[in-house]
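A.B. asks: here are the coordinates; sequence isn't available:
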């Protein structure tokens with residue numbers, strides 16, 4: 001059984017050699033993530049080059065996603081690098097405090113407008129919610145708080161406002177530099193952190209295009225404001241990432257899974273791609289097998305229809321990078337055997353299709369789910385036809401036959417879609433069909449006598465021109 005759910009994994013020190021990367025690719029890696037929050041341009045370029053070399057050695061096309069660090073709001077530094085906060089004690093935050101002058105009484109903060117964004121009674125959550133402060137009063141730039149839940153607080157820990165509302169823009173100057181870097185590296189995906197609305201996504205797309213890049217834009221939903229503005233964010237994006245770390249801190253963990261399910265459902269309904277991320281198999285940073293809770297978490301996202309599940313520290317700095325991917329792949333396949341709750345027959349039966357390739361894609365999936373078909377083949381320039389197809393639940397593999405490496409790497413993210421490098425000969429239809437069947441048989445994707453569906457367009461080299469569907473029977477040329 002082919003695994004339909006794709007795996008995104010973060011590169012880092014644990015995966016900094018070609019042999020490990022090959023093991024990760026063979027274990028099931030589909031898209032590699034470069035975290036721009038760590039390392040410099042040289043690190044990212046080196047890792048991307050190494051990944052592409054490893055993928056070529058493995059005979060695979062693996063996408064690469066650059067992930068912008070965004071305006072992660074952090075405290076500054078302590079004189080002794082950390083303090084122990086005790087419940088009931090006072091503690092202040094002040095954006096004008098010198099960089100390294102933090103002590104037991106208070107610490108600097110890297111957001112000049114923080115004092116303008118908060119009010120007495122608000123709750124600040126530090127270190128991913130491990131430490132809770134309640135604001136008592138505000139005196140100029142100094143925010144006086146009472147420690148509700150204390151603990152060890154060290155340099156550079158993050159700050160969230162419970163319920164959201166911090167005014168930091170989504171793109172920092174460092175992010176804008178990294179957008180230019182992503183364009184130079186020809187990355188397949190660009191993830192934008194802490195988006196607030198569709199305008200943030202559109203700005204990132206504009207900057208990437210101006211820099212010469214053409215990667216798909218991933219909007220990371222990790223703010224309360226993003227959940228409130230999700231319709232405009234989905235419309236402006238190509239991919240949505242449910243980034244559950246900061247999102248869980250801001251909205252509260254009790255609400256998180258309900259929001260996750262809603263985001264997956266809304267994104268798929270809008271015919272966009274969705275990734276579920278953060279702490280999916282975090283115990284495998286140190287352990288060779290996942291916990292039962294992690295298995296349940298991954299399975300739940302798969303059953304809900306996520307296109308991809310993502311690994312962060314597990315593969316960037318964990319002891320078992322390839323083993324974690326293999327474990328996640330096994331869990332995905334197990335979950336995909338579970339009966340799907342969405343009817344294949346009635347999906348979008350009342351919709352009006354605005355695009356020809358969309359209509360062909362829907363007709364193809366309806367036919368596939370009502371015939372004994374072993375494969376769907378889409379001759380595609382941009383991959384858009386396979387994206388439409390992948391929005392419908394089916395266990396029939398969709399093969400994106402494309403001459404473009406960039407398209408192969410993009411569709412690597414799409415649920416149930418598998419890229420096949422193929423030179424499309426639009427001048428000779430008879431030869432074209434023979435070449436397609438020979439490629440399918442050579443790669444053991446079908447067997448003699450199987451039926452398959454083929455979609456293609458009349459205008460070779462024109463994106464979005466898919467306008468026909470054929471039923472073909474697989475017969476060898478010998």
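C.D. replies: That came through fine. Because the structure is a prediction, the values reported are computed rather than measured. Numbering: from 1, shown residues only.
A.B. asks: Look up how far residue 55 lies from the residue nearest to residue 406 when sequence neighbours are not counted.
C.D. replies: For residue 406, the nearest residue in space outside its immediate sequence neighbours is residue 188; the separation is 6.7 Å by CB to CB, 6 or more residues apart in numbering. (Each C-beta comes from the backbone N, C-alpha and C, glycine too.) In this structure, residue 188 and residue 55 are separated by 12 Å, where distance is defined by CB to CB, to the nearest Å.
A.B. asks: If I look at the residue nearest to residue 406, what pLDDT would I see?
C.D. replies: pLDDT, the model's per-residue confidence, is 98 for residue 188.
A.B. asks: again with residue 429
C.D. replies: Note for residue 429: predicted pLDDT of 65.
A.B. asks: quick one: contacts for the residue nearest to residue 406?
C.D. replies: Residues counted as contacts of residue 188 (CB atoms under 8 Å, 6 or more residues apart in numbering) are 31, 63, 64, 65, 215, 216, 406, 409, 410, 412.
A.B. asks: Quick one: the residues you listed as CSV, columns for distance to residue 284 and pLDDT too.
C.D. replies: As requested, these are exported to CSV (distance: CB to CB, whole Å; pLDDT from 0 to 100):
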residue, distance to residue 284, pLDDT
31, 19, 98
63, 22, 98
64, 22, 98
65, 21, 98
215, 29, 97
216, 28, 98
406, 32, 95
409, 26, 97
410, 28, 96
412, 23, 96
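A.B. asks: so which of the residues you listed would you say is closest to residue 238?
C.D. replies: Taking CB to CB as the measure, residue 238 sits nearest to residue 216 out of the contacts of residue 188, at 3.8 Å.
A.B. asks: Is residue 440 in contact with residue 397, as I believe?
C.D. replies: No. Using CB atoms under 8 Å, residue 440 is not in contact with residue 397; the gap is 10.7 Å.
A.B. asks: which residues are common contacts for those two?
C.D. replies: Contact criterion CB under 8 Å, 6+ apart; residues shared by residue 440 and residue 397: residue 375.
A.B. asks: Between the two, tell me which one has more neighbours.
C.D. replies: Neighbour comparison, residue 440 and residue 397: the larger count goes to residue 440, with 22 against 18 (by other CB atoms under 10 Å).
A.B. asks: Helix, strand, or coil at the more buried one?
C.D. replies: State at residue 440, reduced to three classes by DSSP: H, G, I helix; E, B strand; the rest coil: helix.
A.B. asks: low pLDDT regions in the stretch 301-450 of the chain?
C.D. replies: Scanning the stretch 301-450 of the chain for pLDDT under 70 picks out 339-354, 425-427, 429-430.
A.B. asks: let's see it at 80
C.D. replies: Filtered on pLDDT under 80, the stretch 301-450 of the chain yields the residue ranges 339-355, 357, 393, 424-430.
A.B. asks: which residue ranges form the strands in it?
C.D. replies: Remark: strands of the stretch 301-450 of the chain, listed N- to C-terminal, are 308-311, 375-379, 398-402, 417-421; assignment by DSSP state E, counting those that start in this stretch.
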